[in-house]
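1. Kindly return the folded structure for what I paste below:
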Amino acid sequence: MSHRIAIAGSDIAFDCAEDQSLLDAALHAGIELPYSCRKGVCGNCAGGIAQGEVDGLDGASMRNETCLPEQVLYCICTPRTDVQIAPVSWHRVDPAARKRFTAKIFRNQPAAPDVSVLQLRLPAGQRAKFHAGQYLQLAVGDGSTRCYSMANAPHESDALTLHIRHVPGGAFSARVPALQQGDLIDIELPFGAVSLAEASTRPIVFVAGGTGFAPVKSILDDMAKRRIERPITLIWGARRAEGIYLRAAVAKWQRQWPSFRFIAALSEEAADAAGDAFAGRVDQALIAHCPALEGHELYCCGSPGMVNAVRDIAVQRCGLAAADFHADVFVDGPAVSAATAAVA
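-> Here you go, the predicted structure:
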């Protein structure tokens, strides 16, 4: 059975099955709402229910700490009646714009002890259309998928670059070091609604944890290509200095934008060992280097805990407007069990 979902203040309506999320139904109908993780973690899809009744999918909680009292998470809500939703924003998209490709591994390079940079080539004559900051889904082979942000800018559309952290027991990431040139991988893209507000000229702060640097790199390379001039600060966090694995990219941005500020936040190195870096977490570096964020925009990419900590600091202590906090939350996929690994 399906129910009719309407967007408050518009003539837009679409159908949603009782076992389908409001977000997935909207995307299927060509309506893009804000979202990132699609797992009820990041809070990007939080919006209001103006009329009707909803439940959490499979008994999941409809809210998390990022929601306002009147909001629910569209990615894990399903309708029980006809519903009128009141999203923070929405726009039409072409459902056919999402494409599937069988990509070929062109290069697989270690970038840090626990990070690989994987470069994929698309079939000859084919191009991938996406916005800087979006991600793809990669088929693991057991019927499940994993999500990885594109680290390259959209104009580099015949290839895709992924930054993959090696998760112990990860169904895909643990296999990445063994992938060879010419191996084939099935991918689908684009996904995600975390991208730059192009018309804005306000100061912008990027906060990345580990491979959360990938979507930030895509956005900054795109800004550099289009010669966008805005005050920019990048805070990139890692445990140790070796985790800041693409300093050449940072140096390139510093040459293009002389006022570009870069802070490497190293959580497991003392001040002496960190050198000119900040010895501490990214949320601590944020309040130390950006104590006044009123009138700024902030893009934060990384683990759920890190994103929540940065959100709290930015909004509650640094004066950032909640609507100007944009997050891409990296949620690990399920690990492979020992029994499964033995069979694989």
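2. who's in contact with the strand or helix carrying Phe106?
-> When elements are assigned from DSSP states H and E, Phe106 belongs to strand 99-112. Outside strand 99-112, the residues within contact range by CB atoms under 8 Å, 6 or more residues apart in numbering are 116-123, 126, 128-129, 159-160, 163, 176-177, 179-189, 238, 242-243, 245-246. Every C-beta, even on glycine, is put in place using the N, C-alpha and C of the backbone.
3. Would you mark the buried spots in it?
-> Judged by neighbour count using 16 or more other CB atoms under 10 Å, the buried positions of strand 99-112 are 99, 101, 103-105, 108, 111-112.
4. Tell me which helix or strand in the chain has the weakest average pLDDT.
-> The helix or strand of the chain with the poorest confidence is helix 338-343; it has a mean of 30 (mean pLDDT, DSSP states H and E).
5. where does this protein have low pLDDT?
-> When residues are selected by pLDDT under 70, those of the chain lie in 271-274, 332-344.
6. can I see the domain layout of it?
-> 2-92, 97-193, 204-329 (automatic domain parsing).
7. what about the second one, distance to the chain center?
-> Average the C-alpha atoms of domain 97-193, do the same for its chain, and the two points are 14 Å apart (CA atoms, centre = their mean, to the nearest Å).
8. And that domain, end to end?
-> The separation between the terminal residues of domain 97-193, taken as CA to CA, to the nearest Å, is 14 Å.
9. Over to stretch 160-178?
-> The stretch stretch 160-178 measures 19 Å between its terminal residues, going by CA to CA.
10. Touching that stretch from outside, list them.
-> Defining contact as CB under 8 Å, 6+ apart, one finds that stretch 160-178 is touched by 103, 108, 110-111, 114-120, 122, 128, 136, 138, 140, 142, 144, 146, 148-152, 187, 189, 210-211, 213-214, 217, 332-337, 341.
11. Of those, which belong to strands?
-> Secondary structure of the contacts of stretch 160-178 is defined by DSSP state E; positions in strands are 103, 108, 110-111, 115-120, 136, 138, 146, 148-149, 187, 189.
12. Buried ones among the residues you listed?
-> In those, the ones that pass as buried (16+ other CB under 10 Å) are 103, 108, 111, 115-120, 136, 138, 146, 148-149, 187, 189.
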